[in-house]
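> Got a sequence here, can you build the structure:
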Amino acid sequence: MVERAWKLSDLKVPKPNSEMVKTLYADHIERVKKSESGDDVLEVLFENNLLVRRIKEVIELISIRHAMDTTDERYKADKNWADDFLPIFRKLELDFKEAIYNSPFRDEIEAQIGHMYFIKTEIRKKTISEEIIPLRQHEQKLINEYDNILMGSKKIVDGKSNSFIDLQELFSHDDRNIRRQAFKGFSEILSENEDRLEQVWDELIKVRNEIANILGYDSYVAVGYLERERVDYGREEIAKFREQVVDEIVPLCNRLYEAQAKRLGIDKVMAYDENFVFPDGNAKPTGDAEYMMQKVISMLREMSPETDEFISYILNHELIDYKPRPEKAFREFYTLLPYSKAPFMFEHFTGSAEDVQYLSESLGHAFASYRACRRQHIEEYFFPSSEITEINAMSMIQFVNQYADILFGEDAWKYEFGNLQYFMTFIPFGVAVDEFQHICYDNPNLTPKERTYEWHKLEQKYMPWRKYDEDDEFMRRGGYWYHKFHFFYVPLYYIEYAIATVNAMEMYRKYIERPGIAWKEYLELIDVGGSKGYHEILKQANLTPVYEDGAVKNAISYVKSFLEGYIT
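Numbering: from 1, shown residues only. Alright, predicted model coming up:
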């Protein structure tokens with residue numbers, strides 16, 4: 001079969017009429033209730049799934065086009081429409097799923113499509129209600145305000161105007177004075193907006209906890225666990241994982257930064273030095289954005305027949321935006337157009353090693369969904385739970401280390417070391433972000449300054465190496481956390497990155513030892529999509545849950561040994 005020729009720019013955004021969508025859903029629900037067999041129900045389910053994919057594709061296209069040009073008023077208006085429509089659509093989805101869930105033919109349906117559909121429905125029943133729609137809409141407006149505050153902020157460094165994201169790119173600049181200036185500008189943007197950021201965060205905590213109360217929970221933490229589809233583990237297991245990080249990883253990170261200070265010839269590594277690993281500069285791609293993209297293509301063609309097929313699809317349909325432009329949104333992201341079964345990657349190529357990390361992460365997400373949506377028959381199974389999603393991405397980041405010579409030439413070893421050190425030292429930060437969110441939602445009456453001080457205490461616990469300049473009062477009392485948009489965008493989503501980084505190191509160890517078998521296991525990991533639970537998928541891919549006794553120590557063993565080889 002010849003694939004239809006199209007480009008991303010060809011796709012239209014026909015916003016669905018809310019009343020028409022409600023009518024279609026009402027018809028589908030009525031047909032499910034009147035069905036006389038499991039086959040009749042499945043016929044409606046697959047028809048509804050096609051409708052869901054069409055609607056979600058429109059919403060994703062709107063988000064993509066707004067991110068590509070945040071200054072275009074048409075895209076802003078479309079984004080506002082989507083933000084208001086999405087909670088309504090989620091409720092319609094739940095109503096339909098409940099009809100399937102309550103069908104007398106449920107056993108027949110489950111035999112055909114698997115048990116995860118019903119587990120996901122149970123989760124949505126516990127987290128979606130018509131009563132919370134106005135609160136969800138208000139939540140999104142607060143998120144958009146956070147975005148706008150940081151998007152419009154700029155600081156002069158080295159005679160140039162730098163956006164908030166530009167400043168962060170300068171944290172790995174060769175010139176320490178420029179790194180210090182960039183970090184100072186970064187801190188100033190946050191501190192100058194602290195009053196409103198405090199208010200936005202305070203409102204979000206109150207709105208989200210009100211949502212939790214309406215749904216029958218004491219704290220939004222319970223809702224967040226459900227929304228993340230954490231059905232195999234809970235707070236206790238996460239706490240055990242955090243303890244292993246403190247015991248196994250924090251001491252190693254301290255040693256890594258002590259070695260880095262010695263390598264750089266400085267007394268101590270400051271916050272703005274953490275990303276600058278080598279005295280003669282970090283690894284840098286050997287060309288501009290266009291050159292780098294061509295090298296990435298070469299890497300994926302060499303990596304495997306599967307990645308070769310994937311990158312050809314991406315290029316044929318123009319499903320990556322990587323060139324920097326002032327009107328682009330400041331964050332990198334990946335998404336899927338579910339009707340077209342087309343992954344899309346949104347990047348900022350600025351000529352740094354971080355570009356490769358961000359792109360590798362997006363490639364992992366995109367490659368996984370590209371395969372899963374072609375092997376799973378319903379949209380609900382296109383994506384696994386969030387920690388599996390991140391294992392998919394983080395594993396690809398580690399695999400790319402083995403092809404670093406294509407992108408970095410003689411600096412390939414510097415990229416691999418810098419990349420592995422970055423992710424090892426990221427794990428404590430990742431668990432700190434998670435613990436901070438628990439503290440904020442469990443203690444909603446904390447004042448904004450008290451919350452910020454809680455972050456300060458977590459830095460001392462998980463990142464004792466972190467140092468700020470004496471005159472940076474904002475950072476010294478805990479202001480660093482405000483830049484992490486996940487707090488605002490996706491509550492309780494962050495521990496996944498830490499979990500995934502550890503499991504990816506386990507996968508990378510196997511990739512070094514037995515690359516053919518490890519790649520096969522990786523394909524098994526991603527092909528299953530969301531059709532199975534966290535433990536089932538880990539077992540299929542021969543990986544270990546990170547909170548089991550000794551799991552962290554075992555998983556990081558190869559990377560730890562590699563990094564220790566450079567500690568003198």
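
> residue boundaries of the helices in the stretch 1-150 of the chain?
Under the criterion DSSP state H, counting those that start in this stretch, the stretch 1-150 of the chain carries helices at the ranges 18-34, 38-68, 73-101, 106-113, 116-127, 133-151.

> and the fourth one, what other elements does it pack with?
The criterion is 3 or more Cβ pairs under 8 Å, 6 or more residues apart in numbering; DSSP states H and E, and the helices and strands that helix 106-113 contacts are helix 38-68, helix 116-127. The way it works is simple: take the backbone N, C-alpha and C, and place the C-beta from them, glycine included.

> and the shortest one, what does it pack onto?
Other elements packing on helix 116-127 under the criterion 3+ Cβ pairs under 8 Å, 6+ apart are helix 73-101, helix 106-113, helix 220-227.

> And those helices: which comes nearest residue 381?
Comparison of the helices and strands packed on helix 116-127 against residue 381 by Cβ to Cβ identifies helix 106-113 as nearest, at 8.1 Å.

> Show residues contacting the closest one.
37, 38, 39, 41, 42, 45, 100, 103, 117, 118, 377, 378 (Cβ atoms under 8 Å, 6 or more residues apart in numbering).

> and it, average pLDDT?
The average pLDDT within helix 106-113 is 95.

> Equivalent analysis for stretch 146-156, please.
What stretch 146-156 shows for mean pLDDT is 88.

> Pull out the buried residues from that stretch.
Neighbour-count burial for stretch 146-156 flags 146, 147, 149, 150, 151, 153, 155 (criterion: 16 or more other Cβ atoms under 10 Å).

> least trustworthy helix or strand in this structure by mean pLDDT?
Every helix and strand in the chain was compared by mean pLDDT, DSSP states H and E; the lowest is helix 164-169, with a mean of 87.

> Please name every helix or strand in contact with it.
Contact partners of helix 164-169 among helices and strands, from 3+ Cβ pairs under 8 Å, 6+ apart: strand 154-157, helix 176-192.

> just the ones you listed: most buried one?
Burial of the helices and strands packed on helix 164-169 is given as mean neighbour count (mean count of other Cβ atoms under 10 Å); helix 176-192 ranks first at a mean of 19.

> Who are the packing partners of the helix or strand following that helix?
Scanning forward in sequence from helix 176-192 by DSSP states H and E, the next helix or strand is helix 194-215. Helix 194-215 sits against helix 133-151, helix 220-227, helix 412-442, helix 448-462, helix 486-489, with contacts defined as 3+ Cβ pairs under 8 Å, 6+ apart.

> what would the ones you listed look like in TSV with distance to residue 382?
Output for those, formatted as TSV (distance: least, Cβ to Cβ, whole Å):
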stretch	distance to residue 382
helix 133-151	23
helix 220-227	17
helix 412-442	25
helix 448-462	34
helix 486-489	21
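
> what bridges to residue 157?
residue 160 (DSSP bridges).

> Confirm for me that it is in contact with residue 167.
Yes. Look at residue 157 against residue 167 with Cβ atoms under 8 Å: they come within range, at 6.8 Å.

> Show me whatever sits in contact with both of these two.
182, 185.

> what's near enough to touch residue 483?
Taking Cβ under 8 Å, 6+ apart, one finds 150, 164, 168, 186, 190 in contact with residue 483.

> no, scratch that, I was asking about residue 360
Taking Cβ under 8 Å, 6+ apart as the test, what residue 360 contacts is 393, 396, 397, 399, 400.

> same question, residue 178
Residue 178 makes contact with 157, 158, 170, according to Cβ under 8 Å, 6+ apart.

> ok, back up a step: in PyMOL, select just the buried ones from the contacts of helix 106-113.
Filtering those down to the buried ones (16+ other Cβ under 10 Å) takes a single PyMOL command:
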select buried, resi 38+41+42+45+100+103+117+118+378
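
> ok, back up a step: would you reformat the contacts of residue 483 as TSV and include distance to residue 223?
Converted to TSV, the contacts of residue 483 look like this (distance: Cβ to Cβ, whole Å):
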residue	distance to residue 223
150	26
164	29
168	31
186	32
190	28
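
> from the residues you listed, which is closest to residue 330?
residue 164 (5.9 Å).

> From what I see, the closest one and residue 149 are in contact.
No. Applying Cβ under 8 Å, one finds residue 164 not in contact with residue 149, separated by 9.3 Å.

> Take the helices and strands packed on helix 106-113 and write them to TSV, including mean pLDDT and distance to residue 87.
Below are the helices and strands packed on helix 106-113 laid out as TSV (pLDDT from 0 to 100; distance: least, Cβ to Cβ, whole Å):
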stretch	mean pLDDT	distance to residue 87
helix 38-68	96	12
helix 116-127	92	12
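
> Nearest to residue 472, out of the ones you listed?
Residue 472 lies closest, by Cβ to Cβ, to one member of these: helix 38-68, at 31.2 Å.

> what comes up buried for the closest one?
Those would be 38, 41-42, 44-45, 48-49, 51-53, 55-68, for helix 38-68 by 16+ other Cβ under 10 Å.

> re the thing from before, could you redo the helices and strands packed on helix 106-113 as TSV and give each row distance to residue 296?
Shown next, in TSV, are the helices and strands packed on helix 106-113 (distance: least, Cβ to Cβ, whole Å):
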stretch	distance to residue 296
helix 38-68	20
helix 116-127	33
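
> Low-confidence bits of the chain, can you list those?
For the chain, residues meeting the criterion pLDDT under 70 lie at 1-4, 568.

> Tell me which residue is most central in it.
When Cα atoms, centre = their mean is applied to the chain, the residue found nearest the centroid is residue 390 (6.8 Å).

> Touching, that residue and residue 496? I think so.
Yes. Between residue 390 and residue 496 there is a contact under Cβ under 8 Å: 4.5 Å.

> check contacts around residue 54.
By Cβ under 8 Å, 6+ apart, the residues touching residue 54 are 16, 339.

> One more: residue 424?
Per Cβ under 8 Å, 6+ apart, neighbours of residue 424: 249, 252, 253, 256, 556, 559, 560, 563.

> Of those residues, grab the buried ones for PyMOL.
To isolate the buried subset of these in PyMOL, counting by 16+ other Cβ under 10 Å, use the following:
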select buried, resi 249+252+253+256+556+559+560+563
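
> Could you single out the nearest of the contacts of residue 424 to residue 472?
Among the contacts of residue 424, and counting by Cβ to Cβ, the member closest to residue 472 is residue 253, at 21.5 Å.

> mind checking the SS state of that closest one?
With DSSP: H, G, I helix; E, B strand; the rest coil as the basis, residue 253 sits in helix.

> Residue 397 is in contact with residue 419, isn't it?
Yes. Here residue 397 lies in contact with residue 419, judged by Cβ under 8 Å, at a distance of 7.2 Å.

> what's the overlap in contacts for those two?
Common contact partners of residue 397 and residue 419 (Cβ under 8 Å, 6+ apart): residue 357.

> how far does the helix or strand that contains residue 552 sit from the chain's center?
Secondary structure from DSSP H and E places residue 552 in helix 551-555. How far helix 551-555 lies from its chain's middle: 23 Å, per Cα atoms, centre = their mean, to the nearest Å.

> on contacts alone, who are the packing partners of it?
Secondary-structure packing of helix 551-555 (3+ Cβ pairs under 8 Å, 6+ apart): helix 235-248, helix 495-513.

> could the ones you listed be laid out in a markdown table, adding mean neighbour count?
Formatted as a markdown table, those follow (neighbours: other Cβ atoms under 10 Å):
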| stretch | mean neighbour count |
| --- | --- |
| helix 235-248 | 17 |
| helix 495-513 | 24 |
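
> mind checking which of the ones you listed is nearest residue 261?
The nearest among the helices and strands packed on helix 551-555, by Cβ to Cβ, is helix 235-248 at 22.0 Å.
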